[in-house]
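> Need coordinates for the following:
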Amino acid sequence: MILYLDTSALVKLYVSETGSPQVHEWVSACELAAVCRIAWAEACAAFARRARDVPADAPSLEQAREALANDWPHYFILELTETVVARACEYAEVFALRAYDSVQLAAASTLREATVAEVVFASFDNRLSKAARVTGMGVMPVP
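Numbers count the residues shown, from 1 in each chain. The predicted structure follows:
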């Protein structure tokens with residue numbers, strides 16, 4: 001199984017919060033973990049925002065960013081191609097998704113079409129998870 005992690009799931013690998021144990025289990029159980037390149041920018045923005053909101057967490061968030069940088073080469077990275085962006089535009093309209101959420105779903109859908117392996121979507125965003133289900137993708141259950 002290929003596990004596609006949107007940024008809400010990816011961040012839980014590096015910052016301890018609700019759902020982190022589940023994401024660690026999912027990643028341990030999958031054959032391959034995939035992310036869209038945009039997840040790098042989104043994760044770094046999430047770490048920076050939390051460091052601004054809770055300055056005492058800044059050192060651990062810098063460690064989280066470094067851990068992500070070390071792990072990044074081990075993820076299967078989906079690029080932002082013209083096909084992904086065009087599909088994201090469609091998904092944004094059809095499912096009323098935010099821009100990067102539609103990119104995440106489009107990247108996962110493109111991966112699903114490119115492989116015979118099962119691709120399962122992991123997200124902690126209810127609207128995005130529902131949209132993934134509607135497209136026929138398997139979705140990891142969140143607590």
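
> drop to CA atoms for contacts and neighbour counts, all remaining ones
Noted.

> pLDDT score for the nearest residue in space to C30 that is not next to it in sequence?
Distance criterion CA to CA, 6 or more residues apart in numbering; nearest residue to C30, sequence neighbours excluded, is M1 at 5.3 Å. The model reports M1 with a pLDDT of 96.

> so what's M1 up against?
Residues touching M1, when contacts are defined by CA atoms under 8 Å, 6 or more residues apart in numbering, comprise C30, E31, L32, A117, E118, V119, V120.

> From these, list the buried ones, please.
Applying 16 or more other CA atoms under 10 Å to the contacts of M1, the neighbour count classes V119, V120 as buried.

> all helices for this structure, in order.
Assigned by DSSP state H, the helices in the chain fall at 7-11, 20-29, 38-53, 58-71, 82-95, 99-114, 126-134.

> Could you single out the most deeply buried of those?
Among those, helix 7-11 has the highest mean neighbour count (mean count of other CA atoms under 10 Å), at a mean of 23.

> How about residues contacting it?
Outside helix 7-11, the residues that touch it by CA under 8 Å, 6+ apart are S20, V23, A39, E42, A43, A46, A122, S123, F124, D125.
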